[in-house]
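[1] Fold the following, please.
(one chain, ligands or ions: 1)
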Amino acid sequence: MTESIDFFQNLNDFLRDKRAFVVYRKPGSSSVKALLQKDSISHRLNDFSESGFAFAPFNVEATPYLIPVEESDFFEFNFPAETSLDDSSEDDLSSGVDFEFMEVDQKNHEQLVQKGIDTIKKGEFQKVVLARSEKVQVYDPDPTRIFRKLLKKYPQAFVYLWFHPDTDYWLGATPESLLNVERTRFKTMALAGTQLYKGKIDVAWGRKEVEEQEFVKDYILESLEKLKGVENVSYSKPYSAKAGNLLHICTDISGSLNSQEDLGALVKTLHPTPAVCGLPKQKALSFILENEEHSREFYSGYLGELNMKSEHKRNSNRRNQENQQFTAISKKTDLFVNLRCMKLKDGNARIFVGGGITKDSNAADEWMETVNKSQTMKSVLVK
Ligand SMILES: C=C(O[C@@H]1C=C(C(=O)O)C=C[C@H]1O)C(=O)O
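    Alright, predicted model coming up:
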């Protein structure tokens with residue numbers, strides 16, 4: 001393992017070369033990992049048999065990027081969890097926010113949401129996730145320093161800094177897992193419904209949020225049931241999960257995957273989930289593409305480890321060898337939904353935020369939800 005100071009110094013040298021890299025830390029872990037690509041080829045993900053770090057846009061038609069393990073230097077270092085402060089309730093956010101644009105943004109977003117609600121009431125679809133993006137002037141645009149702030153602030157999130165010459169910098173601290181696969185077991189989650197965290201996790205949820213999250217859970221379960229190669233699906237009770245200054249409703253879902261060859265089909269079934277797109281998927285997607293003002297790019301896409309080698313210490317079963325251990329090597333996939341994220345370009349950040357709309361949504365509340373969600377990123381951009 002490298003010292004983190006050395007690593008960040010090396011990373012700054014590497015940045016000058018403009019080659020692709022990613023540095024990330026998984027939820028609850030103190031180990032920060034990095035893949036620094038050695039060549040300057042634009043590698044893509046083709047059939048999910050590849051091994052590396054995947055970075056996929058929201059648009060399922062576009063081919064995801066990949067930083068392949070075999071073309072990269074791999075680093076891992078310790079960033080102790082005790083240096084973290086997962087409390088975002090008292091940040092002064094005003095200095096990073098351009099209030100002149102807020103009124104226009106608010107009006108536009110509320111109109112968009114109202115159009116979504118009206119279309120749902122006409123029976124076109126049941127749920128649609130509508131997003132906006134906001135340009136923020138950054139006080140200190142050094143991506144590695146912002147990344148370190150994210151590491152400290154969000155120990156329970158998947159925190160990353162990605163660079164690729166084709167995409168610019170992306171940073172995020174997402175609470176949402178898309179898919180975790182280890183040997184034959186897989187895990188995913190249905191995460192939706194949002195309220196501000198006010199010091200208590202055990203909170204009551206309104207009907208709108210409960211229904212919205214159930215849409216997501218039911219859709220995922222139904223899709224898994226239909227999928228060849230997936231068996232033994234089970235799920236937890238819904239619980240409240242904290243993400244920075246917010247709470248969401250979460251159901252953990254798990255099952256078994258018959259063969260590694262079914263991995264691609266599973267990812268394609270899950271992405272995009274109704275937590276970031278809507279229900280039914282195609283109608284909600286058309287509404288998003290026709291009505292959102294921006295291109296989502298990598299926001300609400302997915303990212304993470306694909307078929308990375310992982311070592312486990314296991315006890316030998318043989319008698320008389322009780323204390324013997326052997327190391328088993330298997331492949332691990334750990335993908336996350338790209339939420340609470342931003343693109344960093346020429347000293348400006350573009351923060352992407354959205355929320356699920358149902359027939360019971362209120363446009364002003366949905367605006368506030370996006371303001372609250374935007375604080376995950378804004379709080380590391382202010383002085
Ligand atoms: C779409 C976003 O978040 C998703 C939507 C949520 C909601 O509608 O309540 C909650 C968590 C995420 O699944 C976002 O953060 O931009």
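
[2] What distance do you get for residue 243 to residue 197?
    8 Å (CB to CB, to the nearest Å). The C-beta positions use only the backbone N, C-alpha and C, and glycine is treated the same way.

[3] neighbour count winner among those two?
    Taking other CB atoms under 10 Å, residue 243 and residue 197 do not tie; residue 243 has more neighbours (25 against 20).

[4] quick one, helices of the stretch 51-200 of the chain?
    Here the stretch 51-200 of the chain has its helices, by DSSP state H, counting those that start in this stretch, at 99-121, 143-153.

[5] quick one: which of the ones you listed is nearest residue 29?
    helix 143-153 (10.5 Å; CB to CB).

[6] May I see the buried residues of that closest one?
    143-144, 146-153 (16 or more other CB atoms under 10 Å).

[7] Return the set of buried residues in the host helix or strand of residue 34.
    Using DSSP states H and E, residue 34 falls within strand 31-37. Neighbour-count burial for strand 31-37 flags 32-37 (criterion: 16+ other CB under 10 Å).

[8] Show me what stretch 249-260 is in contact with.
    49, 181, 184-193, 205, 209-210, 213, 217, 220-221, 224, 229-241, 263, 266, 307, 331 (CB atoms under 8 Å, 6 or more residues apart in numbering).

[9] Quick check: helices, which of those are part of them?
    Counting by DSSP state H, the part of these found in helices is 209-210, 213, 217, 220-221, 224, 263, 266.

[10] about what we covered before: let me have the buried residues of helix 143-153 in CSV, adding distance to the ligand as columns.
    Formatted as CSV, the buried residues of helix 143-153 follow (distance: CB to the nearest ligand atom, whole Å):
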residue, distance to the ligand
143, 21
144, 24
146, 18
147, 19
148, 22
149, 19
150, 15
151, 19
152, 21
153, 16
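
[11] Turn the residues you listed into TSV, columns for pLDDT.
    Below are the buried residues of helix 143-153 laid out as TSV (pLDDT from 0 to 100):
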residue	pLDDT
143	93
144	92
146	95
147	95
148	93
149	94
150	96
151	95
152	94
153	95
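
[12] Next, format those residues as CSV and append distance to residue 337.
    Formatted as CSV, these follow (distance: CB to CB, whole Å):
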residue, distance to residue 337
143, 21
144, 24
146, 20
147, 19
148, 23
149, 22
150, 16
151, 19
152, 22
153, 19
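
[13] what about the helix or strand containing residue 377, average pLDDT?
    Secondary-structure element containing residue 377, defined by DSSP H and E: helix 363-378. Taken as a whole, helix 363-378 has a mean pLDDT of 96.

[14] other SSEs contacting that helix?
    helix 99-121, strand 127-137, strand 168-174, strand 185-196, strand 246-257, strand 348-357 (3 or more CB pairs under 8 Å, 6 or more residues apart in numbering; DSSP states H and E).

[15] still on that earlier bit, any of the contacts of stretch 249-260 buried? List them.
    181, 186, 188-193, 205, 209, 213, 217, 220-221, 224, 230, 233, 235, 238, 240-241, 263, 266, 307, 331.

[16] Intersect these with the contacts of the ligand.
    191-193 (CB under 6 Å from any ligand atom).

[17] Next to the ligand, which bits of the stretch 201-350 of the chain? Give me the list.
    Applying CB under 6 Å from any ligand atom, we find that the stretch 201-350 of the chain lies next to the ligand at 248, 275-276, 339-340.

[18] Which ones among those residues map onto strands?
    The strands, defined by DSSP state E, take in residue 248 from those.

[19] No further queries at this time; thank you.
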